[in-house]
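Asker: please work out how this folds:
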Amino acid sequence: MKTKLLAALTATILGAAPALADLVIPALNYRTGPYAPSGIPYADGFSDYMTLLNERDGGIGGEKIAVQECETGYNTEKGVECYEQTKGNGALIYIPQSTGITYQLIPKVSADKIPLWSVAYGRTSAVNGKVFEWVFNLPGTYWDAASIMTKYAMEQEGGSLEGKKIALVYHNSAYGKEPIRTLEALSEKHGFDLSLIPVDHPGQEQKSQWLQIRRDRPDYVFMWGWGVMNQVAIQEASNIRFPMDHFIGVWWSGSEGDVVPVGDGADGYKAITWHGAGTDYPAMQAIKSTVIDAGKNAGDGSKFGEVGYNRGVYAAAVVAEAIKQAQDATGHAAITAAELRDAMESLEITDARWTELGLPEFTGGFKLSCEQHSAPRTAFIQQWSAGDKTWTPVSDFMEPDLEVIDPLIEEDSMAYAAEAGITPRECN
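Answerer: Reported below is the predicted structural model:
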């Protein structure tokens, strides 16, 4: 009976009655379709961390957590349907797991007063909390990623990209197009030639794109891919013998599911990220002993410790900490969505706190504010070793070029405010 109740709490079926818990978190996941290789590890990591808190700690502040999974298949229309069918169940926060879904939900959550967290994806200009009161996109944005990847390439070239060529291979969607504006500005600033190479959904056919790359011979290839598109691109790059150490993926193109299927051909491939991989953290070992070994894990346990799985753990840990800080601020455990929004806006997780959570040196500390809904906006480059199947950091945490990015954020967010009839609020 206890097992059935726990299952009801952690995976409410779409359309069922509201969960029997006060801390309801809908999970807009995709475990099916061409993007499943990227969606499954994250979904497992997020749910398993919340199960750990339920099993080990009795939830958060004495209140159990109900993770309500809703399958979107990475389809924007289905994602919106999931939102409409779960928002009445006491949803505290939405994590869309899709830039397309995020764009559609921004006006909805603002009207319904439910916070939305696009975890390093979505609309970059949502950094501006004066305009996007209910939207957060920590720890960084696609514009930050594009800048850091460019800065890393520049360091590899001795400090200059003048006369170099960078090709962007991108998913032909709102997600894939997000970094273009920043890369164009950086191209103008640093004097490199930028070529744009779109890949249509789902990305299983890329022969023509990589023939173009072989012909143009860019110095670097950046990739904004997702799901099966990633492994196909890495395989095609290997086929044309493109130097893998000059092929850098965004953080959604840098997990085991993207490189393992390619085998030795993926050796040396790089990707940007903001958190650690592997299982060598106390919190990860707690998940292993309390959740996976006990047979209470969300998936089959095979993704444990992968980059995508750890990203789900990261997201769950941040949400849990925001809930705790909301409980501390309000003095009651059964918080509302509005109270969680307030906590998100002042959320602070220091390096010391990450250590207390069992994730020392897993990621960087940060503090959000009314003005800044993304922090710390830093990331590092990791490299894949096909021989021992591990990701290894090959740079320190790096900051983006805020002189380029922040004016673009101000311009875009103000344009959105004018279009949506929003008067930017004052922040004290």
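Asker: pull out the buried positions in the helix or strand that residue 352 is a member of.
Answerer: Residue 352 belongs to helix 351-356 when assigned by DSSP states H and E. Residues of helix 351-356 classed as buried: residue 354 (neighbour count, 16 or more other C-beta atoms under 10 Å). Yep, even glycine has a C-beta here, placed from its N, CA and C like the rest.
Asker: pLDDT of it, averaged?
Answerer: Average pLDDT, helix 351-356: 98.
Asker: tell me what it is packed against?
Answerer: Applying 3 or more C-beta pairs under 8 Å, 6 or more residues apart in numbering; DSSP states H and E, one finds that helix 351-356 makes contact with no other helix or strand.
Asker: how far off centre is it?
Answerer: 21 Å (C-alpha atoms, centre = their mean, to the nearest Å).
Asker: what's the domain layout of the protein?
Answerer: For the chain, the structural domains run 2-138+279-377+408-420, 142-149+157-276+378-399, going by automatic domain parsing.
Asker: low pLDDT regions in this protein?
Answerer: Along the chain, segments meeting pLDDT under 70 span 1-21.
Asker: the same query, at a cut-off of 90, please.
Answerer: Scanning the chain for pLDDT under 90 picks out the ranges 1-22, 33-35, 37-38, 174, 227, 428.
Asker: tell me where the stretch 301-428 of the chain has strands.
Answerer: 348-349, 366-367, 380-385, 390-393 (DSSP state E, counting those that start in this stretch).
Asker: comparing those strands, which comes out most buried?
Answerer: Comparing the strands of the stretch 301-428 of the chain by mean neighbour count (mean count of other C-beta atoms under 10 Å), strand 380-385 comes out on top with a mean of 21.
Asker: quick check, distance from the longest helix seen in the chain to the centre of its chain.
Answerer: Ranked by residue count under DSSP state H, the longest helix found in the chain is helix 307-330. Put simply, helix 307-330 sits 14 Å off its chain's centre (C-alpha atoms, centre = their mean).
Asker: for stretch 262-273, same thing?
Answerer: 19 Å.
Asker: give the buried residues for that stretch.
Answerer: 262, 265-267, 269-273.
Asker: and the helices in the stretch 1-150 of the chain?
Answerer: Counting by DSSP state H, counting those that start in this stretch, the stretch 1-150 of the chain has helices at residues 2-10, 36-57, 76-86, 99-112, 142-156.
Asker: ok so, going back, any buried residues in the longest helix of the chain, and which?
Answerer: 307-327.
Asker: likewise for stretch 360-375?
Answerer: 362-364, 366, 368, 372-375.
Asker: dump those to a markdown table, plus distance to residue 417.
Answerer: Shown next, in a markdown table, are the buried residues of stretch 360-375 (distance: C-beta to C-beta, whole Å):
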| residue | distance to residue 417 |
| --- | --- |
| 362 | 35 |
| 363 | 31 |
| 364 | 30 |
| 366 | 25 |
| 368 | 20 |
| 372 | 17 |
| 373 | 14 |
| 374 | 17 |
| 375 | 21 |
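Asker: now, which of those sits nearest residue 218?
Answerer: Nearest to residue 218 among those: residue 374, at 29.5 Å, using C-beta to C-beta.
Asker: isn't that closest one up against residue 143?
Answerer: No: applying C-beta atoms under 8 Å as the test, residue 374 and residue 143 come out as separate, 10.1 Å apart.
Asker: identify the contacts common to those two.
Answerer: Counting by C-beta atoms under 8 Å, 6 or more residues apart in numbering, no residue touches both residue 374 and residue 143.
Asker: ok, now which ones touch the residue nearest to residue 405 when sequence neighbours are not counted?
Answerer: In space, and not counting its chain neighbours, residue 405 is closest to residue 143: 4.8 Å by C-beta to C-beta, 6 or more residues apart in numbering. Shown in contact with residue 143 (C-beta under 8 Å, 6+ apart): 124, 178-179, 181-182, 400, 405, 408-409.
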